[in-house]
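K.L.:
Sequence and predicted structure, then a few things I'm wondering about:
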Amino acid sequence: MKAFFKEKKRSAGYARDRMKLLLISERIDCSPQMMKMLRNDMIHTVKKYLTIDEEQIKIQITQEPAVLHAYIPVLNKKDNRLVSSQLLKRTDKLC
Amino acid sequence: MSEVIVITSGKGGVGKTTTVANIGTGLAMLGKKVVVVDTDIGLRNLDVVLGLENRIVYNLVDVINGSCRLRQALIKDKRHPDLCLLPSAQTKDKSAVSPEQMIKLTDDLREQFDYILLDCPAGIEQGFKNAIAGADKALVVTTPEVSAIRDADRIIGLLEANEIRDIRLIINRLRPDMIARGDMMSVDDVTEILAVDLIGTILDDEQIVIATNQGEPLSGKSSQAEEEYMNICKRILGEEIPFADINRKQGLLRKIGNFFKK
């Protein structure tokens, strides 16, 4: 009965979201998978230096001209020592 | 000053040929000298939609090969004295014509006509390259479906890469009832996704099928779709005609109906 009254997400919304993601990635030759990786890498990098609100992050590419927009809200200061030690560990791993 | 406009879509079956027939007829009715050119070599179509299939003697490939004069291949529509058709060949394939030859042809047509409308074949191969070679502007036809939108986006990219900057969008086969209940992408959705300027929105209208069956575009039955084709023509001529609000066309009765459906 509950489901009967519940507002379903209609198919047009799915279509719109799928197309937006697909076309942006096709225009710049960057697959949705790569976009996801780019997003993760950016969050990762910024997090080394700043405390950010991950829930609110918006990363998108607009066209004509193609511009990468990143909206990353910063929360507050982070302990510097922690950042540098984490940074060292990561560079180690990379090498 | 004459204009060469290519009507293209990428995907087949979205209504390119019907659009060319209707806009060509509409512009001629508004007093412009118009030629519609079927550039789909091998798959002749525009002649039947216009009801001129019985009058073809020579075709586009004959003109390009020099087998006949341009004047001989042009078919004058008796119902609209300002409208001419240049039919495509059925026996040859797309490689029979080169982009350079198409540019030459469109330049010759510019001397006689105000508007040269090119009906582009589906796809992005040779036929598409030929059709866009001589064009100043493009009208991209799409429907509110994912496949047509994806192809339209490819086409827009290719047009821009070929220095055609004036690109306008026609969204065809819209169903206000489906948009209202959220099962079809709206005009705003499609224009936002494709990021090009809109020039017209055509409803899914059975009158278009009837007119095509009869070979008489814009036969004056004043359906919504035919009215909108006329609006597109006026917008091509530079008039500012407001767009019909298809996104929220929901009368009181339908609203009550939807309420009970929930």
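P.N.:
Cool, got the structure.

K.L.:
only C-alpha atoms for contact and neighbour calcs from this point on.
P.N.:
Will do.

K.L.:
how close does B:Cys68 get to B:Lys104?
P.N.:
15 Å (CA to CA, to the nearest Å).

K.L.:
meant to ask about A:Asp29, not that
P.N.:
The gap separating A:Asp29 from B:Lys104 is 35 Å, by CA to CA.

K.L.:
Which of these two has more residues huddled nearby?
P.N.:
B:Lys104 (14 against 10; other CA atoms under 10 Å in any protein chain shown).

K.L.:
Quick check: which element contains the more buried one?
P.N.:
In this assignment (DSSP states H and E), B:Lys104 forms part of helix B:99-110.

K.L.:
how distant is that helix from the center of its chain?
P.N.:
Taking CA atoms, centre = their mean, to the nearest Å, the mean C-alpha location of helix B:99-110 is offset from the chain mean by 19 Å.

K.L.:
Just give me the neighbour total for A:Lys20.
P.N.:
A:Lys20: 16 neighbours (other CA under 10 Å).

K.L.:
doesn't B:Ile193 make contact with it?
P.N.:
Yes. Taking contacts as CA atoms under 8 Å, A:Lys20 lies within contact range of B:Ile193: 5.8 Å.

K.L.:
Distance check, the residue nearest to B:Gln126 when sequence neighbours are not counted against chain A.
P.N.:
Distances taken as CA to CA, 6 or more residues apart in numbering or on different chains place B:Lys94 nearest to B:Gln126, at 6.3 Å, with adjacent residues excluded. According to CA to the nearest CA, to the nearest Å, B:Lys94 stands 28 Å off from chain A.

K.L.:
repeat for B:Arg55
P.N.:
For B:Arg55 relative to chain A (CA to the nearest CA), the value is 43 Å.

K.L.:
Report how many residues lie close to the closest residue to that residue other than its chain neighbours.
P.N.:
Of all residues not flanking B:Arg55 in the chain, B:Ile75 sits nearest, at 7.1 Å (CA to CA, 6+ apart). By other CA under 10 Å, 22 other residues sit near B:Ile75.

K.L.:
Tell me how far B:Ile75 lies from B:Ala96.
P.N.:
On the measure of CA to CA, B:Ile75 and B:Ala96 end up 21 Å apart.

K.L.:
Same check on A:Val46?
P.N.:
57 Å.

K.L.:
so where's chain A uncertain?
P.N.:
A:1-8, A:63-64, A:77-95 (pLDDT under 70).

K.L.:
Apply 80 and report the result again.
P.N.:
A:1-9, A:24, A:32, A:60-66, A:76-95 (pLDDT under 80).

K.L.:
All the helices of it, residue numbers only.
P.N.:
Here chain A has its helices, by DSSP state H, at A:2-5, A:11-27, A:32-49, A:80-94.

K.L.:
same check, this time on chain B
P.N.:
B:16-29, B:46-50, B:60-65, B:70-73, B:99-110, B:126-133, B:146-161, B:176-180, B:187-194, B:206-214, B:224-236, B:252-261.

K.L.:
Can you tell me which of the ones you listed is packed in deepest?
P.N.:
Mean neighbours per residue, mean count of other CA atoms under 10 Å in any protein chain shown, is largest over the helices of chain B for helix B:16-29, with a mean of 26.

K.L.:
Residues contacting that one, please?
P.N.:
B:7-9, B:33-36, B:45-46, B:49-50, B:80-83, B:117-120, B:141, B:212, B:217-218, B:226, B:229-230, B:232-234 (CA atoms under 8 Å, 6 or more residues apart in numbering or on different chains).
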